[in-house]
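Chemist: how would this look folded up:
(one chain, ligands or ions: 1)
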Amino acid sequence: MNGDGRFDLIVVGAGMAGVAAANKSAAAGWKTAIVDDLPFGGTCALRGCDPKKILRRAAEVVESARLMSGKGIAPGSLSVDWGALMRHKHGFTDPAPHDVEQSLKRNGVTTTHGTTQFAAPDAVAIDGKAVTARHVLIATGARPRTLAFPGSHHVIDSTAFMELEQLPGRLLFVGGGFISFEFAHLAARSGSSPLIVDHGTQPLKAFDPDLVNLLLERGAADGIRVRTATSISSIEPSSRGYRVQLDHAGQREFIEVARCGSGIRPRPAQSHCGGCRVHRAGRDGHATPAEHEQSRGLRRGRRRRYRGHAADSHRGRRREGRRIEHDQVGDGHARLHGYSHRRVHPARTRPSGHAGE
Ligand SMILES: Cc1cc2nc3c(=O)[nH]c(=O)nc-3n(C[C@H](O)[C@H](O)[C@H](O)COP(=O)(O)OP(=O)(O)OC[C@H]3O[C@@H](n4cnc5c(N)ncnc54)[C@H](O)[C@@H]3O)c2cc1C
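Modeler: Below you'll find the model as predicted:
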């Protein structure tokens, strides 16, 4: 960005929400800029939905073969090659930042890179350089949850999990959220032994309990262990990986695992700025002033949207334009709706062989 006058809108964060807003703003004739401190594309394209679906597809294929074992498929004839799968994933994620940025430029959006903070009510400082705008949209997404127990720095986040060159044999997932469950199902079908530890009495507590229970039963049959009402008190390195202290109903227990991972939480807004015309990327990716984070919108809306979006999701699956899956196509709005459905529907959380595919 070359200090060329005032923008109508600066979008902070080039994920799905920010990119969609920037494109619409530029299309409406506003002078628009977008900035990110990481490669363009955001969580979904680079560190979330899309790479996750590529990994998950391999697990689905293996599970389908397992379900057909002895019925025309030789038992044990398929397994996940984790290293090759990772290379395959990079084939999708590596070109994404360049593609996203070029697309924005073609649409008339000024793109720039750097960490952004407010400098004044009508200005942000991008790596220290002030740029003025009538409006600022904060679309900064989420970042890994901060864990407070001793040794929590040994826990890797979802981004690091999807970069593992080898899949550890015994995995512990901290927290019973949707990312833990998706990764646990992937890991179980890739030959690992996952354990999910949640301090609440019911994991996936934002989702329909009946469907969650079905998922828990199915996971148990596949070797996914879930410990509820259990907290992690400490993690320390050991000769076999990590020694984890669990506390349940006043009882202390130590277990050994090879790796520990956790999910994400909303990323806080940038420095507060009295008088700024600040907008946040709100529910379903629309830019609405002072709205809640997308992730909250996802959870709150899930029951209302459940039935209606089953159809959307299946329609999307027929549009496998780039060989990933449904919400690869469309904007952030479509992704969020499709996702709220898939997270609770057994056919989507089960391996594909169960979904009548
Ligand atoms: C492992 C995983 C799997 C997921 N799977 C799905 C799924 O299957 N379906 C689905 O719908 N959703 C999924 N999600 C959630 C989805 O990725 C997010 O809801 C979505 O990416 C949010 O988009 P966003 O544009 O709001 O934020 P993001 O995509 O996170 O983009 C925010 C951007 O802001 C940038 N930024 C932050 N602070 C600053 C700053 N100060 N200056 C400059 N730039 C900054 C960040 O670098 C980032 O690129 C998944 C998430 C994860 C982690």
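Chemist: And the helices in the stretch 1-150 of the chain, which stretches?
Modeler: Assigned by DSSP state H, counting those that start in this stretch, the stretch 1-150 of the chain shows helices spanning 16-27, 42, 49-67, 82-93, 96-106.
Chemist: for those helices, which one ends up most surrounded?
Modeler: Of all those, helix 42 carries the top mean neighbour count, a mean of 27, counting by mean count of other C-beta atoms under 10 Å. From N, CA and C alone the C-beta is placed, and that goes for glycine too.
Chemist: rewinding a little: dump the helices of the stretch 1-150 of the chain to CSV, plus distance to the ligand and mean pLDDT.
Modeler: Shown next, in CSV, are the helices of the stretch 1-150 of the chain (distance: least, C-beta to the nearest ligand atom, whole Å; pLDDT from 0 to 100):
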stretch, distance to the ligand, mean pLDDT
helix 16-27, 3, 98
helix 42, 2, 96
helix 49-67, 3, 94
helix 82-93, 12, 96
helix 96-106, 10, 98
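Chemist: quick one: low-confidence ranges for the stretch 151-300 of the chain?
Modeler: Applying pLDDT under 70 to the stretch 151-300 of the chain flags residues 263-300.
Chemist: Would you map the helices across it?
Modeler: 158-161, 178-189, 209-221, 294-300.
Chemist: Next, the buried residues of the shortest one.
Modeler: Read it as helix 158-161. Ser158, Thr159, Phe161 (16 or more other C-beta atoms under 10 Å).
Chemist: again, but for the third one
Modeler: For helix 209-221, the neighbour count (16+ other C-beta under 10 Å) marks Leu211, Val212, Leu214, Leu215, Leu216, Arg218, Gly219 as buried.
Chemist: gap between the fourth one and the ligand?
Modeler: Separation of Leu215 from the ligand (C-beta to the nearest ligand atom, to the nearest Å) stands at 16 Å.
Chemist: Please apply the same query to the second one.
Modeler: Using C-beta to the nearest ligand atom, one obtains 17 Å as the distance from Val212 to the ligand.
Chemist: thought that residue was touching Gln202?
Modeler: Yes. Counting by C-beta atoms under 8 Å, Val212 does reach Gln202; the two are 6.8 Å apart.
Chemist: if we can go back for a sec, of the buried residues of helix 209-221, closest to the ligand?
Modeler: Leu215 (15.5 Å; C-beta to the nearest ligand atom).
Chemist: could the helices of the stretch 151-300 of the chain go into JSON lines alongside distance to Leu172?
Modeler: Putting the helices of the stretch 151-300 of the chain into JSON lines (distance: least, C-beta to C-beta, whole Å) gives the following:
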{"stretch": "helix 158-161", "distance to Leu172": "12"}
{"stretch": "helix 178-189", "distance to Leu172": "10"}
{"stretch": "helix 209-221", "distance to Leu172": "15"}
{"stretch": "helix 294-300", "distance to Leu172": "23"}
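Chemist: Domain-wise, how is the chain divided?
Modeler: 7-141+267-289, 152-264, 295-342 (automatic domain parsing).
Chemist: which residues touch Ala125?
Modeler: Ala125 makes contacts with Thr116, Gln117, Phe118, Ala119, Val131, as judged by C-beta atoms under 8 Å, 6 or more residues apart in numbering.
Chemist: Just list whatever residues bridge to it.
Modeler: Bridge pairing for Ala125 (DSSP bridges) gives the partners Gln117, Ala130.
Chemist: circling back: nearest approach to Val174 belongs to which of the helices of the stretch 1-150 of the chain?
Modeler: helix 49-67 (17.6 Å; C-beta to C-beta).
Chemist: helices or strands up against that closest one?
Modeler: helix 82-93, helix 178-189 (3 or more C-beta pairs under 8 Å, 6 or more residues apart in numbering; DSSP states H and E).
Chemist: Quick one: list the elements packing against the first one.
Modeler: Meaning helix 82-93. helix 49-67.
Chemist: hmm, back to that, could the helices of the stretch 1-150 of the chain go into a markdown table alongside distance to Arg243?
Modeler: Formatted as a markdown table, those follow (distance: least, C-beta to C-beta, whole Å):
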| stretch | distance to Arg243 |
| --- | --- |
| helix 16-27 | 39 |
| helix 42 | 36 |
| helix 49-67 | 28 |
| helix 82-93 | 25 |
| helix 96-106 | 38 |
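Chemist: Just checking stretch 116-129 against the ligand, any contact.
Modeler: Yes. Using C-beta under 6 Å from any ligand atom, stretch 116-129 reaches the ligand at Thr116.
Chemist: Can you give me the buried ones in that stretch?
Modeler: Thr116, Phe118, Ala119, Asp122, Ala123, Val124, Ala125, Ile126.
Chemist: out of the residues you listed, who's nearest the ligand?
Modeler: Using C-beta to the nearest ligand atom, the buried residues of stretch 116-129 come closest to the ligand at Thr116, 3.6 Å.
Chemist: Report the contact partners of the closest one.
Modeler: Contacts of Thr116 (C-beta under 8 Å, 6+ apart): Ile10, Val12, Val35, Asp37, Val124, Ala125, Ile126, Gln270.
Chemist: Repeat the analysis, applying 10 Å as the threshold.
Modeler: Going by C-beta atoms under 10 Å, 6 or more residues apart in numbering, Thr116 touches 10-13, 35-37, 124-127, 131, 136, 138, 140, 270-271.
Chemist: Nice, that's everything, thank you.
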